[in-house]
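1. Here you go, sequence then predicted model.
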Amino acid sequence: MRIPMKQALVDRADRTDELVASGRQVDMVFKAGQKALSLRAQKLWHLLVKDAGVKLADNTTHTMALSDLYQTGLGHMTLAERIDTLRELQTTLVEVTAPSAKVKGRM
């Protein structure tokens, strides 16, 4: 049974730590030899997406206070660990499939 995205978002409204994204719409491409994000990078990715919210795809610069990391459990990282985690995210390509604004039915 397929659940429409709007319904999936409503069903998870009380679970703010979950990221709802279809595997058909979001895909991550990693650098050679890497198969997945580290746990730290996964947590940071979800935090950044959650912070950007519905403005995630807007053509703007998103910022987040470093102090926000301390409230998530990521604040215990050393500076070197933060840098490594950010570099890991920077070398991961996120591809998003979206409907074409010009051609109906094309992605």
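-> It's in.
2. Every contact and neighbour count from this point should use C-alpha atoms.
-> OK.
3. Just the C-alpha atoms of the longest helix anywhere in the chain, please, in PDB.
-> In the chain, with assignment by DSSP state H, the single longest helix is helix 39-52. Taking Å, rounded to 0.1, in the frame of the first residue of the first chain, the C-alpha atoms of helix 39-52 are listed here in PDB:
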ATOM      1  CA  LEU A  39      26.700   7.800  12.200                       C
ATOM      2  CA  ARG A  40      28.000  11.300  13.100                       C
ATOM      3  CA  ALA A  41      27.500  12.500   9.500                       C
ATOM      4  CA  GLN A  42      24.000  10.900   9.400                       C
ATOM      5  CA  LYS A  43      23.000  12.800  12.600                       C
ATOM      6  CA  LEU A  44      24.500  16.000  11.300                       C
ATOM      7  CA  TRP A  45      22.700  15.600   7.900                       C
ATOM      8  CA  HIS A  46      19.400  15.100   9.500                       C
ATOM      9  CA  LEU A  47      19.900  18.000  11.800                       C
ATOM     10  CA  LEU A  48      20.800  20.300   8.900                       C
ATOM     11  CA  VAL A  49      17.800  19.200   6.800                       C
ATOM     12  CA  LYS A  50      15.500  19.500   9.800                       C
ATOM     13  CA  ASP A  51      16.800  23.000  10.500                       C
ATOM     14  CA  ALA A  52      16.300  24.100   6.900                       C
END
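4. for whichever helix or strand comes after it, the distance to its chain's centre please.
-> Sequence order places helix 67-70 as the next helix or strand after helix 39-52, per DSSP states H and E. On the basis of Cα atoms, centre = their mean, to the nearest Å, helix 67-70 sits 17 Å off its chain's mean C-alpha point.
5. and what of stretch 97-104?
-> 22 Å.
6. related to what we said a few turns ago, gap between the longest helix of the chain and the chain center?
-> Here helix 39-52 is found 6 Å from its chain centre; the criterion is Cα atoms, centre = their mean.
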